[in-house]
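Q: how would this look folded up:
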Amino acid sequence: MTKVWPWSFSKIKDFEQCPKQYYHKHILKEIPFVQTEAILYGNEFHKMAEDFIDKDVPIPGKFSYAEKALTSLKERNGQKLCEIKMGLTENLEACDFYASDVWFRGIADLVILDDEVATVVDYKTGKSSKYADKGQLELMALALMARYPQIKKVRAALLFVVCNDLVKDTYMEYDKAKLWMKWLDKYGRMETAAKEDMWNAKPNGLCKRYCPIIECIYNGAN
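A: Below you'll find the model as predicted:
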């Protein structure tokens, strides 16, 4: 059977957008990773935020718009962990990000641990929070509670630094079963596609101009 793990939030989203494109991108690995200007800018921002919070490196002028928000996070009580890589086994137990039996992977931009409460923040450098997806926050909360069993409550937020918006939610320990039911169902659909080797194309608004899978009948090149 085709291996679909270790999986992540982004892989699930790719599969839900179009199983066929997911197959070519993640299984056949035919779609090269392109370092766009937006990706490079995002990477630079993440490195700057980590250096500011973890090493007290001053924020460069080009990112001054985010100084107030990052300073507020930096001044919060608790142990701060930047760019923390988390892994889970298929038994939903914490493991190393690169462990041989790692089943799920996730990276949190900033985690603040304060007794039984954790705060997790993911930086977004997009210009709008209109289509924000809190699913990433759910998975980060689940991974944190597995890694730090003392955590009973996770405050989670997507910080849109350009438009100065905060999309947030709170997850409690008793939410774990409900959340895992949701994500195991999503993963199960991907695993079923792998077992049956069925990667059906799913037409959407990006097909005609942006899909790199030329062979697909929905591709604009056809």
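Q: list the helices and strands the lengthiest helix in the chain packs on?
A: In terms of residue count, the longest helix belonging to the chain (DSSP state H) is helix 176-196. Secondary-structure packing of helix 176-196 (3 or more Cβ pairs under 8 Å, 6 or more residues apart in numbering; DSSP states H and E): helix 9-17, helix 19-22, helix 135-147. All C-beta atoms are positioned from the backbone trio N, CA, C, and that covers glycine.
Q: at 7 Å what do you get?
A: Judged by 3 or more Cβ pairs under 7 Å, 6 or more residues apart in numbering; DSSP states H and E, the packing partners of helix 176-196 are helix 9-17, helix 135-147.
Q: report the buried residues of the shortest one.
A: Meaning helix 9-17. For helix 9-17, the neighbour count (16 or more other Cβ atoms under 10 Å) marks 9, 11-12, 14-15 as buried.
Q: can you give me the strands in this structure?
A: Using DSSP state E, the strands found in the chain span residues 79-88, 94-95, 104-114, 117-124, 153-160, 165-172.
Q: list the contacts of stretch 128-139.
A: 9, 106, 120, 122, 156, 158, 160, 163, 165, 167, 169, 171, 179, 183 (Cβ atoms under 7 Å, 6 or more residues apart in numbering).
Q: give the buried residues for it.
A: Buried-residue list, stretch 128-139, by 16+ other Cβ under 10 Å: 129, 132, 134-139.
Q: and stretch 20-32, how far out from the chain's middle?
A: 19 Å (Cα atoms, centre = their mean, to the nearest Å).
Q: go on, stretch 169-184?
A: The answer for stretch 169-184 is 16 Å, by Cα atoms, centre = their mean.
Q: same check on stretch 121-138?
A: 9 Å.
Q: in this structure, which helix or strand is least confident?
A: helix 207-210 (a mean of 76; mean pLDDT, DSSP states H and E).
Q: one step back: now render the buried residues of stretch 128-139 as TSV, adding distance to Phe33 and pLDDT.
A: Output for these, formatted as TSV (distance: Cβ to Cβ, whole Å; pLDDT from 0 to 100):
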residue	distance to Phe33	pLDDT
Ser129	25	87
Ala132	24	90
Lys134	25	96
Gly135	22	97
Gln136	19	96
Leu137	24	97
Glu138	26	98
Leu139	22	98
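Q: a markdown table please, covering those and showing distance to Glu30.
A: Below are those laid out as a markdown table (distance: Cβ to Cβ, whole Å):
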| residue | distance to Glu30 |
| --- | --- |
| Ser129 | 32 |
| Ala132 | 30 |
| Lys134 | 31 |
| Gly135 | 26 |
| Gln136 | 26 |
| Leu137 | 31 |
| Glu138 | 30 |
| Leu139 | 27 |
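Q: run through who's touching stretch 10-30.
A: 2, 31, 186-187, 190, 193, 199-202, 204, 211, 213, 216.
Q: with just CA atoms, put that stretch into CSV.
A: Provided in CSV are the C-alpha atoms of stretch 10-30 (Å, rounded to 0.1, in the frame of the first residue of the first chain):
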residue,chain,number,x,y,z
SER,A,10,-0.8,20.9,5.1
LYS,A,11,-0.9,17.4,3.6
ILE,A,12,-4.5,16.9,4.7
LYS,A,13,-5.4,20.2,3.1
ASP,A,14,-3.7,19.3,-0.1
PHE,A,15,-5.6,16.0,-0.2
GLU,A,16,-8.9,17.6,0.5
GLN,A,17,-8.3,20.2,-2.3
CYS,A,18,-7.5,17.5,-4.9
PRO,A,19,-6.5,13.9,-4.2
LYS,A,20,-4.9,13.6,-7.7
GLN,A,21,-2.6,16.6,-7.1
TYR,A,22,-1.8,15.3,-3.7
TYR,A,23,-0.7,12.0,-5.2
HIS,A,24,1.6,13.7,-7.8
LYS,A,25,3.0,16.1,-5.2
HIS,A,26,3.5,13.9,-2.1
ILE,A,27,3.6,10.3,-3.4
LEU,A,28,5.2,10.6,-6.8
LYS,A,29,7.0,13.9,-5.7
GLU,A,30,6.7,15.2,-9.3
